[in-house]
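Enquirer: One predicted model, sequence on top.
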Amino acid sequence: MVRGRDACWEHCVLVDATKQKVRCNYCQREFSGGVYRMKFHLAQIKNKDIVPCTEVPTDVRDHIQSILSAPKKPKTPKKQKTDQATVANGQQNSSSASGGFHHNHGYSGQNGSACPSLLFPNPSPSAQPLEHDAQKQKQDDADRKLAIFFFHNSIPFSAAKSIYYQEMVDAVAQCGVGYKAPSYEKLRSTLLEKVKADIHSDYKKYRDEWKETGCTVLCDNWSDGRTGSLAVFSVACPKGTLFLKSVDVSGHENDSTYLFELLESVVLEVGAENVVQVITDASASYVCAGRLLIARYSFLFWSPCVAYCIDKMLEDIGRQDWVGTVLEEAKTITQYIYSHAWILNIMRKFTGGKELIRPKITRFVTNFLSLKSIVMQEDNIKHMFSHSEWLSSIYRRRPDAQAINSLLYSDRFWKYAHEAVSVSEPLVKCLRMVDGDMPAMGYVYEGIERAKVAIKAYYKGIEEKYIPIWDIIDRRWNMQIHSSLHAAAAFLNPSISYNPNFKKDLRMRNGFQEAMLRLAITDKDKMKITKELPTYINAQGALGTDFAVLGRTLNAPGDWWASYGYEIPTLQKAAVRILSQPCSSLWYRWNWSTFESIHNRKRNRVELEKFSELVFVHSNLWLQTIFKRREAKSEPIIFDEIDCSCEWPSEIESSPPLMDDSWLDDFPLQCRGSP
């Protein structure tokens, strides 16, 4: 018998029959193991190492889920099937021979007890399809009404990806028919207050975490280029990030004293004893404000956003004449392909659905990643422009197509394209490493050093080639990024400190000493760390056990210290707090228009307070979604295994949409206050 085709094949394609590798039609992710594992991917069910699909349509997801949840039909042995067929034929023949139904067939046994099949007759075969059709009709009707609600209110379709979407539908379904949805008034009053109270209760959980791991105050800045400037404050720790507030700093952007006082107020609000570092941008006013802050609070650290500084390194490299030229040429290629629907479709056909552009990351990272995509797809792109399908198209003879074709067959372009990718990729890896709010503090120092080594190796040690790139890196690294906190984190990272191939230079050792002096407030703590340090350096006691040695690369640095550093508790506490911190705030793509609305002088005080509450709730729910989707587990970072081509946190999580403040227009008169 020929096995029936699995319904899942409509939503994926076979890439490699030998390895049973299949590719999802929606997110283009590939899996080995055949269609069975793909079902869990499409059904958004986490199973071992299978990543749930984020692009699968809801109806497809529900259909695959129903397939997986359906009970399997038990296999009937061939002999039993034969016996059942014989009995059925015998009954049919007997009934036909007598010209009707034999009543004694409904009884069995000596007492003539009724047969269960007659006492409890099976439903008619036609009843089940009718039931199924009725249920499907209800499902279709519910889908249609939800869609109408989206269409009528101009709700972005991406809202259907929200983790709260299905939770909402399930909660409504549990209430049954007759559930009355909350009114307009209830949404903007009591319910807003309740959800705000829930978020504030979460603060308590986070504060308990801050006491153990410490936290980082993130300050993100925006300016409209004219007179408006805003600062947004949030707090990050391994358990997630909380939005605190936004502040209008217009007119004070260059006032370091004002900015220092603002940063200090946020630190005190969070609890100075909980804060390990404050991250801001690298502008002169914030650098000065940061120095004033750590001068007053000797146990604090100030750091610039590492992602911002590495992005600036890539920008500086992109200004090199030969790099800038090849980036512009690559941009010309992608703009041409993506400006024509037919050409874009045929390109996707030849690249197996792979894209050439990455539009959601910073501009310079996007440029280098797009160039890398072109380099990776070199053979496929050339094949496309030499294929009969292209040669017979109307586009082929147009001047712009001729220019692209000439560029694609230029040896000079491909030579510099490969070189630019090789030079930039180590830094792009560093940026990918610190993208997001997961603890990456222990890897920054090594990442920069590994990037420099990789660039030198590519140029085979020829100084006149690699030194100009090194100068760009060193200028940003020495002037902006490098701090004693980064050095101490590298020193305390067991995967680095115990690695015989990584040499601890003087800057790292001195940075560690400086950081410990800041963290060890009392002389007693300084003495304890002094006594405990040799135990760590020499991997003595619990730090030298088989589990601890394995854990150096298998556990995140902070988790490693929490598990094995109990014999040196003072150094353990310092290490956990340092290694639990993020490095960057750049990836949070706030919708600044929303914060502008909060500081709109045209609205009165009470209205702005209510809108601020909504933004507070909205921003924190958005951040909670990020935390839930990533499962909040810190993983060790292995530089050589960083894949820049996969999705970045700043791509996966889109920025929160612009908040609609029209509900304030008819705010109750009794609640209106004076401006």
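Expert: Ah, there it is.
Enquirer: Could you pull out the buried residues of stretch 516-525?
Expert: Residues of stretch 516-525 classed as buried: 516, 518-520, 525 (neighbour count, 16 or more other Cβ atoms under 10 Å). All C-beta spots, glycine's among them, are computed from the backbone N, C-alpha and C.
Enquirer: what's the answer for stretch 390-398, then?
Expert: So, applying 16+ other Cβ under 10 Å, buried residues of stretch 390-398: 390, 393.
Enquirer: and the end-to-end length of it?
Expert: 12 Å (Cα to Cα, to the nearest Å).
Enquirer: low pLDDT regions in the stretch 451-600 of the chain?
Expert: Applying pLDDT under 70 to the stretch 451-600 of the chain flags residues 586-589.
Enquirer: Kindly report the same for the stretch 101-250 of the chain.
Expert: Looking along the stretch 101-250 of the chain with the criterion set at pLDDT under 70, you get 101-129, 225, 227.
Enquirer: all strands of it, in order?
Expert: 107-108, 113-114, 215-223, 229-237, 240-248 (DSSP state E, counting those that start in this stretch).
Enquirer: circling back to that earlier point, out of the buried residues of stretch 516-525, which are inside strands?
Expert: Cross-referencing the buried residues of stretch 516-525 against strands under DSSP state E gives no overlap.
Enquirer: Name the nearest of those relative to residue 167.
Expert: The shortest approach to residue 167 among the buried residues of stretch 516-525 belongs to residue 519, at 41.6 Å (Cβ to Cβ).
Enquirer: The buried residues of stretch 516-525 in helices, which ones?
Expert: Judged by DSSP state H, the buried residues of stretch 516-525 include 516, 518-519, 525 as members of helices.
Enquirer: Those into JSON lines, with extra columns for distance to residue 214?
Expert: Formatted as JSON lines, those follow (distance: Cβ to Cβ, whole Å):
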{"residue": "516", "distance to residue 214": "15"}
{"residue": "518", "distance to residue 214": "13"}
{"residue": "519", "distance to residue 214": "10"}
{"residue": "525", "distance to residue 214": "15"}
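Enquirer: if we take the buried residues of stretch 516-525, which one ends up nearest to residue 146?
Expert: Nearest to residue 146 among the buried residues of stretch 516-525, with distances taken as Cβ to Cβ, is residue 519, at 53.2 Å.
Enquirer: Skipping adjacent residues, who's closest to the closest one in space?
Expert: Leaving aside its chain neighbours, residue 519 sits nearest to residue 574 (4.9 Å; criterion: Cβ to Cβ, 6 or more residues apart in numbering).
Enquirer: give me the number of residues near that neighbour?
Expert: 25 (other Cβ atoms under 10 Å).
Enquirer: you'd agree it is in a helix?
Expert: Yes. Assessed by DSSP: H, G, I helix; E, B strand; the rest coil, residue 574 belongs to a helix.
Enquirer: roughly how far out does the host helix or strand of residue 446 sit from the chain middle?
Expert: Using DSSP states H and E, residue 446 sits within helix 444-458. How far helix 444-458 lies from its chain's middle: 25 Å, per Cα atoms, centre = their mean, to the nearest Å.
Enquirer: ditto for stretch 154-172
Expert: Using Cα atoms, centre = their mean, the offset of stretch 154-172 from its chain centre is 19 Å.
Enquirer: What of stretch 29-39?
Expert: For stretch 29-39, the distance to the chain centre is 21 Å (Cα atoms, centre = their mean).
Enquirer: How about stretch 307-325?
Expert: Per Cα atoms, centre = their mean, the centroid offset for stretch 307-325 relative to its chain is 25 Å.
Enquirer: show me where the protein has strands.
Expert: 12-16, 21-24, 30-32, 107-108, 113-114, 215-223, 229-237, 240-248, 275-280, 301-304.
Enquirer: what about residue 613, how many residues close to it?
Expert: 15.
Enquirer: and it, what is it in contact with?
Expert: 192-193, 196 (Cβ atoms under 8 Å, 6 or more residues apart in numbering).
Enquirer: same deal with residue 407?
Expert: By Cβ under 8 Å, 6+ apart, the neighbours of residue 407 are 329, 332-333, 413.
Enquirer: if I read this right, the residue nearest to residue 519 contacts residue 517, doesn't it?
Expert: No. Counting by Cβ atoms under 8 Å, residue 574 sits too far from residue 517 to count as a contact (11.0 Å).
Enquirer: Over to the nearest residue to residue 52 once chain neighbours are set aside: give its phi and psi.
Expert: Distances taken as Cβ to Cβ, 6+ apart place residue 44 nearest to residue 52, at 3.9 Å, with adjacent residues excluded. Backbone torsions of residue 44, given as degrees, to the nearest 10, read phi 60, psi 40.
Enquirer: need the contact list for residue 44.
Expert: 52-53, 56, 61, 65.
Enquirer: of all the contacts of residue 407, which two lie farthest apart?
Expert: Across the contacts of residue 407 (Cβ to Cβ), the longest gap, 10.3 Å, separates 332 and 413.
Enquirer: Now do residue 609 against residue 616, distance only.
Expert: 10 Å (Cβ to Cβ, to the nearest Å).
Enquirer: And these two? Which one has more around it.
Expert: The neighbour count for residue 609 versus residue 616, taken as other Cβ under 10 Å, is higher for residue 616 (21 against 13).
Enquirer: Residue 242 is in contact with that one, correct?
Expert: No. Contact between residue 616 and residue 242 fails when scored by Cβ under 8 Å: they sit 9.9 Å apart.
Enquirer: buried ones in stretch 348-365?
Expert: Quick answer for stretch 348-365 (16+ other Cβ under 10 Å): 348, 350-351, 355-358, 360-362, 364-365.
Enquirer: pLDDT-wise, what's the bottom of these?
Expert: Among these, residue 360 carries the lowest pLDDT, at 66.
Enquirer: how does this protein divide up, domain by domain?
Expert: Segmentation of the chain into domains, based on the TED database, reads 7-68, 214-305+585-652, 314-468.
Enquirer: got a list of what the nearest residue to residue 316 once chain neighbours are set aside touches?
Expert: Spatially, and ignoring its direct neighbours in sequence, residue 316 is nearest to residue 472 (4.6 Å; Cβ to Cβ, 6+ apart). By Cβ under 8 Å, 6+ apart, the contact list for residue 472 reads 313, 316-317.
Enquirer: now swap in residue 60 and tell me
Expert: So residue 60 contacts 11, 26, 42 (Cβ under 8 Å, 6+ apart).
Enquirer: out of these, which are inside helices?
Expert: Short answer: the contacts of residue 60 in helices (DSSP H) are residue 42.
Enquirer: By neighbours, which of the contacts of residue 60 wins?
Expert: Of those, with other Cβ under 10 Å as the count, residue 42 tops at 28 neighbours.
Enquirer: Am I right that that one is in contact with residue 24?
Expert: Yes. With contacts counted by Cβ under 8 Å, residue 42 reaches residue 24, the gap being 6.9 Å.
Enquirer: any common contacting residues for those two?
Expert: 11-12, 53, 56.
Enquirer: Turn these into TSV, columns for distance to residue 337.
Expert: Putting the shared contacts of residue 42 and residue 24 into TSV (distance: Cβ to Cβ, whole Å) gives the following:
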residue	distance to residue 337
11	26
12	25
53	26
56	26
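Enquirer: Show residues contacting the helix holding residue 446.
Expert: 306, 422-423, 425-427, 429-430, 433-434, 466, 469-470, 473, 477, 481, 486-487, 489-490, 493, 496, 502, 508, 583, 639.
Enquirer: Now the buried members of these.
Expert: 306, 422-423, 425-427, 429-430, 433-434, 466, 469, 473, 477, 481, 486-487, 489-490, 493, 496, 502, 508, 583, 639.
Enquirer: buried residues in stretch 180-192?
Expert: 188, 192.
Enquirer: should've said stretch 461-468
Expert: Applying 16+ other Cβ under 10 Å to stretch 461-468 flags residue 466 as buried.
Enquirer: Please compute how far that stretch lies from its chain's middle.
Expert: 36 Å.
Enquirer: So what touches it?
Expert: With Cβ under 8 Å, 6+ apart, stretch 461-468 has contacts from 320, 455-456, 458-459.
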